[in-house]
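with the input below, show me the fold.
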Amino acid sequence: MKNALIPLCFAAGLSLLAGAALAQGRPATADPGKREFDANCASCHGTSGKGDGPLVPFLTRSPPDLTQLAKRNGGVLPMSRLYDVIDGAEVPAHGSRDMPVWGRDYRVKDAEYFMEAPYSAEAHVRARILGLLEYINRIQAK
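Next up is the predicted model:
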């Protein structure tokens, strides 16, 4: 009888350990758009997107309030225009530009990271920018 209890106690112990591991919950899901925003935009636009970032005193022009973009555009976020501004591919090589050309920055950093591994630079940059735009869409004022 005593020997029959050992496997039963062992099984009960394993069940308790498995239950404890499952009870801890899952980590929060990744938010690549917010991560891009926090890493590249918040220093000027602020963590809330209202244009109140810590670098504002050092800028020649105040960054726009990103939470008002849709409201100022008839209730629709101007995705294509924002994509072009962030990517900067259509920006002339010379001349002034208030905002960094993030598309070029992404391409350089991706090339350094992936080095000779096969990857699509354009697809990767597009995914990062679209993730960022999705986050900007979520912070729009109602």
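
name the element the residue nearest to the spatial centre of the chain belongs to?
What sits nearest the mean C-alpha location of the chain, by Cα atoms, centre = their mean, is Gly33, with 2.4 Å. In this structure, Gly33 is located in helix 32-40 according to DSSP states H and E.

pLDDT (mean, whole number) over that helix?
Taken as a whole, helix 32-40 has an average pLDDT of 94.

which positions within the next helix or strand after it qualify as buried?
Of the helices and strands lying after helix 32-40 in sequence (DSSP H and E), the nearest is helix 42-45. Within helix 42-45, the residues scored as buried using 16 or more other Cβ atoms under 10 Å are Ala42, Cys44, His45. Yep, even glycine has a C-beta here, placed from its N, CA and C like the rest.

my read: the residue nearest to the centre of the chain touches Ile129, true?
No - Gly33 is not in contact with Ile129 according to Cβ atoms under 8 Å; the separation is 9.6 Å.

how close does the closest residue to the residue nearest to the centre of the chain other than its chain neighbours get to Glu112?
Excluding its sequence neighbours, the residue lying closest to Gly33 (Cβ to Cβ, 6 or more residues apart in numbering) is Tyr135, at 3.0 Å. Noted for Tyr135: a distance of 24 Å to Glu112, by Cβ to Cβ, to the nearest Å.
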